[in-house]
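Trainee: sequence-free structure coming up:
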């Protein structure tokens, strides 16, 4: 049996263009998994190992998280390279759900960017310990100290620098290991020869000073180190490493390494950091929900001899059918074992177990607690839990963000309908943020996603992978509706025709929910004395929910509403589920008409960066787009403007920004919140909607 303490499940996550994929490529090279380094934007048409999709290679971005495993010295690493683009945020979300540790990659020039903040928030959500790698310190304007300060100010980390650079920008030669107090150089064609030497004389004082700062920071959290520090006793390196490891795992400290993946310097030292400071599966508590005890939290032990529990966290449609990535939390799963899908109770025989290396697979006979592997030919959904049947446990699912952009889409030729449906089904199964529904009124197929790029990639994949040309409508914003005040309802539904009639009366009120529940629907049953029989209550709930989903102003779902049912009446013969459902639907219509209905629009958090001279132009553009400027900062002759802008106004922004900044401007955005639309804009939206209804 493999030694679990020698295993590390880690992810590499960062803002787009910080060099994650380049770093992953170097990790694979130094661990002997690949024998040639290929750059992200290579002229040969080949792409990095971890970007195995054609689209990824063409666009030079990571779209799907890729998994691989490697060996470094005497540890085994399961490595997941995640996308940096906000549109593929669910890929990061699902990777972090199953990982024990992470490497947060930061650009030595740009530092902590908007997506770094998002990734950090995701790491906190799943309490993932991390080390930071400040990349690109060989580039003009690199300043690791500034990035350290940003880690502290913007992300509230407690960074401890464990390697400092020898020279910066063009003069970057290697690093000083502040624990060993040695200079480390990376020689050879690809930096594979590691040479340790004495620290250059002009850096000795700085290295001593930085080592003292590191010890002080560790002493803030560790009593043993603090005592020795105050008594001015010698602190040996093993004690220091042990303390840093302990406080990295309990999220007090973030060890920081510097280097340049592209120039092959500093990566091996960072890998040593993965071994020394990131947790093994034994160090991280994981919990399931005991379905026999009303979903009581139960700790899963990373023990191969206990009943098996595993989580399917990612699906891919491979050449040989569905490939299911899973993390095993407890027990052992062998090829040929019977396992049970807790979502639907189906028993499945494990046909094939593999370890993934990007798009290659290596067959294995068994996998045990702590491992990340893949299964073939198992039909399930992302987020399903599997057990060996002897325990009734489910894992909590991951957080799924709300899709905010929609498009109408249809195959150009009728003969392509089957392929089109196959693609839609597969992508929905693979990606929980990609939604497909049919607009009953227009008969159109609508796809929803996290942004224009997200949907663009899927449209491109339909063409390439399913040989299906599609016609695409204009991108539209996914609006919501809401109410502003409390309103009562008292509605009686009566229908007398031949035979038994229909009768139901419902009374109560609707009111807006608190802002932290603004995307929810809450039903409160306050019926007393049996004026409405218990068996009709679910029909009322269903009627309210359905009517709210249909909306009132522009046919969009009404959210953030509490409906209380507190009175009513029924008839011994004429009442039925159907009668109460109809009464509830009509009652909500009556109440919402008095409750000040309004339209909500998605507001995006936008970060735009460009050379300083374009500051006025950028702010002018954002003001025209109803943007609210939140913050402006200037760093190394570059201005960064943070703003909150309605998504409706963001279509076409990339072209406008490029045109106004001579192609030098960049931006990233993510969904922030839903906010009320200004009155004039609301009237226009309602008018457009009514026009379309008339023309149908």
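Mentor: Done, it's in. Because the structure is predicted, anything quoted here is derived from the model rather than measured.
Trainee: Let me know the helix or strand that residue 175 is in.
Mentor: Using DSSP states H and E, residue 175 maps to strand 174-177.
Trainee: now residue 197: how far from residue 167?
Mentor: Distance from residue 197 to residue 167, counting by C-beta to C-beta, to the nearest Å: 14 Å. Heads up, the C-betas are built off the backbone N, CA and C, glycines and all.
Trainee: neighbour count winner among these two?
Mentor: Remark: of residue 197 and residue 167, residue 167 carries more neighbours, 13 against 10, as counted by other C-beta atoms under 10 Å.
Trainee: pLDDT at the more buried one, what is it?
Mentor: You'll see residue 167 listed with a pLDDT of 87.
Trainee: Helix, strand, or coil at the residue nearest the centre of the chain?
Mentor: Centre of the chain computed as the mean C-alpha position; nearest residue by C-alpha atoms, centre = their mean is residue 93, 3.0 Å away. Secondary structure state of residue 93, per DSSP: H, G, I helix; E, B strand; the rest coil, is helix.
Trainee: got it, and residue 432?
Mentor: For residue 432, the secondary-structure state derived from three-state DSSP is coil.
Trainee: Give me the distance between the nearest residue to it once chain neighbours are set aside and residue 561.
Mentor: Leaving aside its chain neighbours, residue 432 sits nearest to residue 400 (4.7 Å; criterion: C-beta to C-beta, 6 or more residues apart in numbering). Between residue 400 and residue 561 the distance, using C-beta to C-beta, works out to 21 Å.
Trainee: got it, and residue 610?
Mentor: Counting by C-beta to C-beta, the separation of residue 610 from residue 561 is 42 Å.
Trainee: So which of these two has more stuff around it?
Mentor: When neighbours are counted by other C-beta under 10 Å, residue 561 comes out ahead of the other of residue 610 and residue 561, with 26 against 23.
Trainee: Quick check: bridge partners of that one?
Mentor: Bridge pairing for residue 561 (DSSP bridges) gives the partners residue 512, residue 521.
Trainee: Can you name the residues that contact it?
Mentor: When the contact criterion is C-beta atoms under 8 Å, 6 or more residues apart in numbering, the partners of residue 561 are 482, 483, 510, 511, 512, 513, 521, 522, 548.
Trainee: what about the fourth one, neighbour count?
Mentor: Residue 511 is flanked by 18 other residues according to other C-beta under 10 Å.
Trainee: Quickly list what residue 567 is bridged to.
Mentor: Beta-bridge partners of residue 567, as defined by DSSP bridges: residue 507.
Trainee: hang on, it packs against residue 491?
Mentor: No - the pair residue 567 / residue 491 is not scored as a contact, 11.1 Å apart, by C-beta atoms under 8 Å.
Trainee: Pull up the overlap in contacts between the two.
Mentor: Contacts common to residue 567 and residue 491, judged by C-beta under 8 Å, 6+ apart, are 506, 507.
Trainee: between those two, which one's more packed in?
Mentor: Regarding residue 567 and residue 491, a neighbour count based on other C-beta under 10 Å identifies residue 491 as having more, with 20 against 15.
Trainee: State the distance from the more buried one to residue 510.
Mentor: In this structure, residue 491 and residue 510 are 12 Å apart, going by C-beta to C-beta.
Trainee: Need the residues touching each of the two.
Mentor: With C-beta under 8 Å, 6+ apart applied, the contact sets of residue 491 and residue 510 do not overlap.
Trainee: now for whichever helix or strand residue 668 is part of, which elements pack on it?
Mentor: Using DSSP H and E, residue 668 maps to strand 666-676. Using 3 or more C-beta pairs under 8 Å, 6 or more residues apart in numbering; DSSP states H and E as the contact definition, the elements that strand 666-676 packs against are helix 114-125, strand 480-482, strand 598-611, strand 638-646, helix 653-660.
Trainee: Determine the angle, from 0 to 180 degrees, between the third one and strand 666-676.
Mentor: What separates the directions of strand 598-611 and strand 666-676 is an angle of 160 degrees, with axes from the mean of the first three to the mean of the last three C-alpha atoms, to 10 degrees.
Trainee: In terms of helices and strands, where is the residue nearest to residue 73 when sequence neighbours are not counted?
Mentor: Closest residue to residue 73 apart from its sequence neighbours, by C-beta to C-beta, 6+ apart: residue 275 at 6.5 Å. Applying DSSP H and E as the criterion places residue 275 in helix 267-277.
Trainee: Distance from the chain centre to that helix, please.
Mentor: With C-alpha atoms, centre = their mean, to the nearest Å as the basis, helix 267-277 stands 25 Å off its chain's centre.
Trainee: If the closest residue to residue 217 other than its chain neighbours is in a bridge, with which residues?
Mentor: When the adjacent residues along the chain are set aside, residue 217 lies closest to residue 160, with 5.0 Å between them (C-beta to C-beta, 6+ apart). Under DSSP bridges, the beta-bridge partners of residue 160 are residue 255.
Trainee: got it, and residue 448?
Mentor: Bridge pairing for residue 448 - DSSP bridges - gives residue 406, residue 435.
Trainee: Could you measure from it over to residue 651?
Mentor: The span separating residue 448 from residue 651 equals 15 Å under the rule C-beta to C-beta.
Trainee: Give the residue from those two that has the larger number of neighbours.
Mentor: residue 448 (19 against 15).
Trainee: show me the contacts for the more buried one.
Mentor: Residue 448 makes contacts with 403, 404, 405, 406, 434, 435, 436, 437, 478, as judged by C-beta under 8 Å, 6+ apart.
Trainee: let's see 6 Å
Mentor: 403, 406, 435 (C-beta atoms under 6 Å, 6 or more residues apart in numbering).
Trainee: So which residues of the stretch 51-200 of the chain form helices?
Mentor: Counting by DSSP state H, counting those that start in this stretch, the stretch 51-200 of the chain has these helices, from start to end: 54-59, 89-98, 114-125, 144-155.
Trainee: now do the stretch 201-350 of the chain
Mentor: With DSSP H, counting those that start in this stretch as the criterion, the stretch 201-350 of the chain has helices spanning 204-219, 223-230, 237-249, 267-277.
Trainee: Touching, the residue nearest to residue 73 and residue 75? I think so.
Mentor: Yes - Residue 275 lies in contact with residue 75 (C-beta atoms under 6 Å); the separation is 5.0 Å.
Trainee: So between these two, which is more surrounded?
Mentor: For residue 275 against residue 75, the residue with the higher neighbour count under other C-beta under 10 Å is residue 75, and the figures read 20 against 16.
Trainee: check contacts around the more buried one.
Mentor: Under the criterion of C-beta under 6 Å, 6+ apart, the neighbours of residue 75 are 6, 8, 275.
Trainee: now do residue 482
Mentor: Shown in contact with residue 482 (C-beta under 6 Å, 6+ apart): 560, 598, 600.
Trainee: Okay, now the unreliable bits of the stretch 351-500 of the chain?
Mentor: Using pLDDT under 70 as the threshold, the predicted model of the stretch 351-500 of the chain has low-confidence ranges 356-360, 397-399, 440-442, 497-499.
Trainee: please redo it, this time with the cut-off set to 80
Mentor: For the stretch 351-500 of the chain, applying pLDDT under 80 flags the ranges 356-361, 376-383, 395-404, 429-432, 439-443, 450-454, 474-475, 496-500.
Trainee: Excluding chain neighbours, what is closest to residue 486?
Mentor: residue 511 (4.0 Å).
Trainee: What is the nearest of the contacts of residue 75 to residue 487?
Mentor: Nearest to residue 487 among the contacts of residue 75, counting by C-beta to C-beta, is residue 8 at 56.5 Å.
Trainee: how many neighbours does the closest one have?
Mentor: Look at residue 8: counted by other C-beta under 10 Å, it has 23 neighbours.
Trainee: Is residue 547 in a helix, a strand, or coil?
Mentor: Per three-state DSSP, the local secondary structure of residue 547 is helix.
Trainee: looking at it, it is touching residue 588, isn't it?
Mentor: Yes - proximity of residue 547 to residue 588 meets the contact threshold set by C-beta under 6 Å, at 4.5 Å.
Trainee: If you count surrounding residues, which of those two has more?
Mentor: The residue with more neighbours, out of residue 547 and residue 588 and counting by other C-beta under 10 Å, is residue 588; that gives 28 against 22.
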